[in-house]
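**Q** sequence and computational prediction follow.
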Amino acid sequence: MIQDKTSLSIDRALMNGIQEMVFIVRVDEEGLFYEFINQAAMDKTDLNHNSIGKTFIETQTVKLAEMIHSQYMKVLTSYESICYEDNYIDPDGKLRHSKTRLTPMFDAGGQCTHVVSIVQDITGEVEAKQVSAEALMNLETNRSYYQSLFEHHADAILTVDLNGRITGANPMGLVIGQSPEDELYKQKVLNFVAPQDQRKALINFRKATEGTYTDFRVNVLQKENKQRSVLVKCIPIKIGNRTTGFYIILKDMRELDHMAELYMESEKNFRIIAENAHDVILLINRWKEYLFISPSVEALYGIKPEHYLLHEPFYNVHMEDREALKNALNEAIQTKRICKRRIRIKHKQGHWIWSELLATPVFDEALSYSHMVIIVRDITLQKKYEAELETLAYHDPLTNLPNRRYFQESLELALREFHEKRGHFAVMLLDVDEFKQINDQWGHETGDAIIYEFGRRLKATVFEGDVVARLGGDEFIILLANVDSVNCALTIIEKIRNEMKKPWAIEGMILPISTSIGLAMPHPQATSSSMFKEADQAMYEEKRAKQGSKMSNRF
């Protein structure tokens, strides 16, 4: 039940803090209108504050609006909650899947006045089902592959009895044996081993018959007295608990030997690169011990690599960043993903350097965590540029005051605190009277000087915790903190008027400058949009009153 508008307004403020998308739609004789859209819904759809008070058809495509309207009509017809699933394209262009519950809300007379829509993102569940279906299909495919594994295995596979006599072979095994199939089955596997390795092969085969299985390397004979290096693996063939023979897998090692040579060369190249790189490169094993520290650590942080070995990893990371970094690295290991963090690292001389850390966990063939490759770079200049960009994004370049975007976020925060009964405030909208005529008569340079001085005087008049912002042109707006009454706000308005009455010396001229001020106080139904409108209306009512007074004085 909707108790009153105040409780509904508080509920709306609370709903802005939840992750699900929340819509409150007003039901009246003229149709269905959006009355509230929480922040999560605005982030995930194309709806925004301007959508408040509009119908589905005014804010959505015709097809989507008709679908949504039909669902709401089911609720209004049945007076019961309904659920339905749908999909939509989010602002990033990604297909999202959702589950929506529509719940009617009634007044004391039993009349449905609102419908609350809570939309849950179920994209993960839908995609998981799709992945599961694909996995099942892959499993069926793999079963078919398994049936031909023996025949098509890339390694040579021989089956032998307990005496080492060959009893079977896959096609690659026949290639290794270099004999027709009927002749191959009459020979012992030892006959194909190079003379220098026959003793090793015999010892390991006897161990296998005794239950000890060890992989070993031998050379097998080829045509024209050539030899091929292979890795031998013995796998017992059991019937019940009794071993009746073995699978002998012969893996051609030529390619792996070549890869090992490349690896050795790669490791050599890695050290050359690491030792000459500007970024710091670290290798840390699973026990959090250093395996490698590039010399560049001294150039960046003034500390020699051997000094790092005397401390535990990340000992010189800022205390506020250290725990979060450790948690992020552990998460990277668990999720097998790259970790990217910004941290502060202490230089030997005592100052802090903003750095970006990129950590890549490395896993062995058994998918067990082996070590971490970490690259650290100095991002001091980048942080400086980002701070400058943030200043440009939130401040007016002429007055250096906060801009509309900064003020909007400050107002939203003040409204949330007001609706949670944790704060009071007031909003004042101001502009320079007859500024267009001043600009046209004296030029834009004079106009800019007036705008700058106007902003400076406003800033000097209010308290430190208040927000003075320039909206654009000659319009300014003020968020007065801790103002709980109109009389208190009027006192500040009078202070501002007195400040503006002081002489204005602009480029050698004394100009009469005055201002019009519109005041808006928050109320239970207030939104940022409504407060802007109320302040704007109040300011222009004052302007009209001034114009009327001038006309009266003429006559």
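**A** Great, that's in hand.

**Q** how about the strands of the stretch 51-200 of the chain, start to end?
**A** Taking DSSP state E, counting those that start in this stretch to define them, one finds strands in the stretch 51-200 of the chain at 82-89, 95-106, 112-121, 156-161, 166-169.

**Q** can you give me how far the third one is from the chain middle?
**A** Once both centres are worked out by C-alpha atoms, centre = their mean, to the nearest Å, strand 112-121 turns out to sit 28 Å from its chain's centre.

**Q** buried ones in that strand?
**A** Burial within strand 112-121, assessed by neighbour count using 16 or more other C-beta atoms under 10 Å, is assigned to 113-119, 121. For every residue, glycine as well, the C-beta is placed using N, CA and C.

**Q** got it, and the last one?
**A** Burial within strand 166-169, assessed by neighbour count using 16+ other C-beta under 10 Å, is assigned to 166, 169.

**Q** and the longest helix for the chain?
**A** Of all the segments of type helix in the chain, defined by DSSP state H, the longest one is helix 528-554.

**Q** which helices and strands does that helix pack with?
**A** Using 3 or more C-beta pairs under 8 Å, 6 or more residues apart in numbering; DSSP states H and E as the contact criterion, the neighbours of helix 528-554 among helices and strands are helix 404-419, strand 425-432, strand 515-520.

**Q** and the angle from it to strand 425-432?
**A** Note on geometry: by axes from the mean of the first three to the mean of the last three C-alpha atoms, to 10 degrees, helix 528-554 and strand 425-432 are set 40 degrees apart in direction.

**Q** distance from the chain centre to helix 528-554, please.
**A** Between the centre of helix 528-554 and the centre of its chain there are 46 Å (C-alpha atoms, centre = their mean).

**Q** again with stretch 508-525
**A** Using C-alpha atoms, centre = their mean, we find the averaged C-alpha position of stretch 508-525 to lie 42 Å away from the chain's own average C-alpha position.

**Q** how near is residue 334 to residue 285?
**A** According to C-beta to C-beta, to the nearest Å, residue 334 stands 17 Å off from residue 285.

**Q** and the residue nearest to residue 254 when sequence neighbours are not counted, what element?
**A** Once its chain neighbours are removed from consideration, residue 254 has its nearest residue in residue 229; the separation is 6.5 Å (C-beta to C-beta, 6 or more residues apart in numbering). For residue 229, the host element (DSSP states H and E) is strand 227-239.

**Q** buried set for that strand?
**A** By neighbour count with 16+ other C-beta under 10 Å, strand 227-239 contains the buried residues 228-230, 232-234.

**Q** farthest pair in those residues?
**A** 228 and 234 (18.6 Å; C-beta to C-beta).

**Q** returning to that earlier point: extract the C-alpha set from the strand holding residue 229 and format it as PDB.
**A** What follows is strand 227-239 as a C-alpha-only set of coordinates in PDB (Å, rounded to 0.1, in the frame of the first residue of the first chain):
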ATOM      1  CA  GLN A 227      67.700 -43.200 -35.500                       C
ATOM      2  CA  ARG A 228      64.700 -41.300 -34.000                       C
ATOM      3  CA  SER A 229      64.500 -40.100 -30.400                       C
ATOM      4  CA  VAL A 230      61.300 -41.100 -28.600                       C
ATOM      5  CA  LEU A 231      59.800 -40.900 -25.200                       C
ATOM      6  CA  VAL A 232      58.500 -44.300 -24.000                       C
ATOM      7  CA  LYS A 233      55.500 -44.600 -21.700                       C
ATOM      8  CA  CYS A 234      54.300 -48.000 -20.400                       C
ATOM      9  CA  ILE A 235      50.600 -48.300 -19.500                       C
ATOM     10  CA  PRO A 236      49.400 -51.700 -18.100                       C
ATOM     11  CA  ILE A 237      46.600 -53.600 -19.700                       C
ATOM     12  CA  LYS A 238      44.600 -55.100 -16.900                       C
ATOM     13  CA  ILE A 239      41.800 -57.700 -16.800                       C
END
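
**Q** can you count the residues close to the nearest residue to residue 503 once chain neighbours are set aside?
**A** By the measure of C-beta to C-beta, 6+ apart, the closest residue to residue 503 outside its immediate chain neighbours is residue 510, 5.8 Å from it. Neighbour count of residue 510, defined by other C-beta atoms under 10 Å: 9.

**Q** specify the beta-bridge partners of residue 510.
**A** residue 505 (DSSP bridges).

**Q** mind checking pLDDT for it?
**A** Among the per-residue scores, residue 510 shows a pLDDT of 84.

**Q** can I assume residue 32 sits in a helix?
**A** No: under DSSP: H, G, I helix; E, B strand; the rest coil, residue 32 falls outside any helix and is assigned strand.

**Q** next, the nearest residue to it once chain neighbours are set aside: phi, psi?
**A** In space, not counting the residues next to it along the chain, residue 32 is nearest to residue 25; the distance is 5.2 Å by C-beta to C-beta, 6+ apart. Backbone torsions for residue 25, taken as degrees, to the nearest 10, come to phi -110, psi 130.

**Q** correct me, but residue 25 touches residue 112?
**A** No: because the distance of 10.5 Å does not satisfy C-beta atoms under 8 Å, residue 25 is recorded as not touching residue 112.

**Q** hang on, the earlier thing: tell me which of residue 334 and residue 285 has more neighbours.
**A** In terms of neighbours (other C-beta under 10 Å), residue 285 is the more surrounded of residue 334 and residue 285; the figures are 13 against 10.

**Q** and that one, how close does it get to residue 329?
**A** Computed as C-beta to C-beta, the residue 285 to residue 329 distance reads 13 Å.
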